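Visitor: Below: sequence and its predicted model.
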Amino acid sequence: MLALSTWKHGFKPNQVVFDSISSGGSALDAVEAGARVCEADETCMSVGKGGIPDELGLVTLDASIMDHNGNCGAVSFVQGYSHPISIARRVMEVSPHVMLTGAGAERFAHEQGFMTEELLTDASRALYEKWKARPSGLKVRLRHSEESENEYVFEYEEDGIKKELDRTALSTNGSHDTIGLLARDKNGLLAGACTTSGLAFKQHGRVGDSPIIGAGLYVDGNTAAAVATGNGELVMRACSSYHIVEQIRNGVEITQTLQNALDRINNDKHLTDDMQIGLLVIRADGKWGAASIRGGFQFVVASDTMSNTLHQCNGFDFHPAQ
Ligand code: GLY
């Protein structure tokens, strides 16, 4: 059995995934349950309730889920529902479609009995108001370092001096971005889930990689499951999750697969120094790997031989398969 999750905010969710598969649950149920933990965690300001809103102050969520049989479901640009992962699963299970978006996804969620709720929290509203109040325009930057996880930095200029918005008063753990979860259960079946509020203060209507099957998430039960996190536009252009799984299908070793996926991203002319991409993969036989284009990408692993543990990629490197 194996559970992998992106970022430090994946710690609790990954434990939930592993507990679920340890007690005989399916990989699919486990990744949904884990994703829901993060979606409900208001201190995680890049997923679900408490996620940083878009430029209009609206929290819009993206999510996808996929099982070992190639079944998949996704929702994008969903407002007012804190668990898009469960709506995505419902799309997979009761609709003939793969993805529903915006008002249509919300209508479907309502018909399916999901309850609406306010997704802006005091912390995310305060951050939005500060962002909006800056006459020079607050810039959002991703700070990466070798020592710690990536975090959003909120920069502005005052009297010609560069300053950072003080976030200490805000109840946020500073971690950022999508949670992606992969699991291999007792029966050796694979599943994955991916859920996010997307880029902080994004353009209204922007959808990232997380709900795009083959970009943020891809699973082939006979081959591998892969998930991506980071700047979604890079992942969408490279179709990173599909790229990884398809190479494994063609017999490429995990480390080379990840290297090739990183190379493709690194060759994207839109890539800048403040962007990060993290990739996780589980092969059908249970071997796994993680990689990122630079240091600071943290991920969590729990397996038959390893208790739930936080790991870090330290710069254009790999934590290759066991
Ligand atoms: N990876 C999440 C996003 O770019 O929306």
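Guide: Structure's in. What do you need? Residues are numbered from 1 along each chain as shown.

Visitor: any idea what sits nearest Phe114, other than its immediate chain neighbours?
Guide: Distance criterion CB to CB, 6 or more residues apart in numbering; nearest residue to Phe114, sequence neighbours excluded, is Tyr81 at 5.4 Å. C-beta here means a position set from N, CA and C on the backbone, and glycine is covered the same way.

Visitor: contacting residues around that neighbour?
Guide: When contacts are counted by CB atoms under 8 Å, 6 or more residues apart in numbering, Tyr81 touches Leu61, Ile87, Glu106, Ala109, Phe114, Met115, Thr116, Glu117.

Visitor: now swap in Asn260 and tell me
Guide: By CB under 8 Å, 6+ apart, the neighbours of Asn260 are His243, Gln247, Val252.

Visitor: can you check Glu39 too?
Guide: So Glu39 contacts Val47, Gly48, Lys49, Ser82, His83, Pro84, Ile85, Thr195 (CB under 8 Å, 6+ apart).

Visitor: ok, how many other residues are close to the second one?
Guide: What that stands for is Gly48. Gly48 has 28 neighbours, counted by other CB atoms under 10 Å.

Visitor: From what I see, it and Ser210 are in contact.
Guide: No. Counting by CB atoms under 8 Å, Gly48 stays clear of Ser210, with 11.8 Å between them.

Visitor: Out of the contacts of Asn260, name the ones that lie in strands.
Guide: Nothing among those maps onto strands, per DSSP state E.

Visitor: ok, so of those, who is nearest Gly34?
Guide: His243 (24.3 Å; CB to CB).

Visitor: Could you measure from the spatially closest residue to the closest one that is not a sequence neighbour over to Glu93?
Guide: Nearest non-adjacent residue to His243, counting by CB to CB, 6+ apart: Ala261, 5.2 Å away. As judged by CB to CB, to the nearest Å, Ala261 and Glu93 stand 30 Å apart.

Visitor: what is the mean pLDDT for the host helix or strand of Ala193?
Guide: The secondary structure element spanning Ala193 is strand 190-196 (assigned by DSSP states H and E). Strand 190-196 shows a mean pLDDT of 98 in the predicted model.

Visitor: where's it relative to the chain centroid, distance-wise?
Guide: Its chain's C-alpha centre and that of strand 190-196 lie 8 Å apart, by CA atoms, centre = their mean, to the nearest Å.

Visitor: hmm, that strand in reach of the ligand?
Guide: Yes. Judged by CB under 6 Å from any ligand atom, strand 190-196 comes into contact with the ligand at Thr196.

Visitor: on that earlier part again, what do Gly48 and Ser210 both touch?
Guide: Counting by CB under 8 Å, 6+ apart, the contacts common to Gly48 and Ser210 are Thr195.

Visitor: Which residues are in contact with the closest residue to Gly80 other than its chain neighbours?
Guide: Spatially, and ignoring its direct neighbours in sequence, Gly80 is nearest to Thr116 (4.2 Å; CB to CB, 6+ apart). Applying CB under 8 Å, 6+ apart, we find Thr116 in contact with Gly80, Tyr81, His110.

Visitor: now the first one: how far from Leu28?
Guide: Meaning Gly80. Counting by CB to CB - Gly80 and Leu28 are separated by 25 Å.

Visitor: quick one: which of these two has more around it?
Guide: Between Gly80 and Leu28, Leu28 has the larger neighbour count (other CB under 10 Å), namely 25 against 17.

Visitor: Which helix or strand contains that one?
Guide: Per DSSP H and E: Leu28 is located in helix 27-40.

Visitor: again, but for Glu42
Guide: Using DSSP H and E, no helix or strand contains Glu42.

Visitor: Just give the number of residues close to the closest residue to it other than its chain neighbours.
Guide: Once flanking residues are discounted, Glu42 sits nearest to Gly50: 3.6 Å by CB to CB, 6+ apart. Neighbour count for Gly50, taken as other CB under 10 Å: 25.

Visitor: My understanding was that Gly50 contacts Thr121; is that so?
Guide: Yes. Judged on CB under 8 Å, Gly50 makes contact with Thr121 at a distance of 4.4 Å.

Visitor: Next, show the common contact partners of those two.
Guide: Shared contacts of Gly50 and Thr121, defined by CB under 8 Å, 6+ apart, comprise Glu42.

Visitor: Mind listing the strands the helix or strand encompassing Leu182 pairs with, and their directions?
Guide: Taking DSSP H and E as the definition, Leu182 sits inside strand 179-184. With DSSP bridges as the test, strand 179-184 is paired with strand 2-6 (antiparallel), strand 190-196 (antiparallel).
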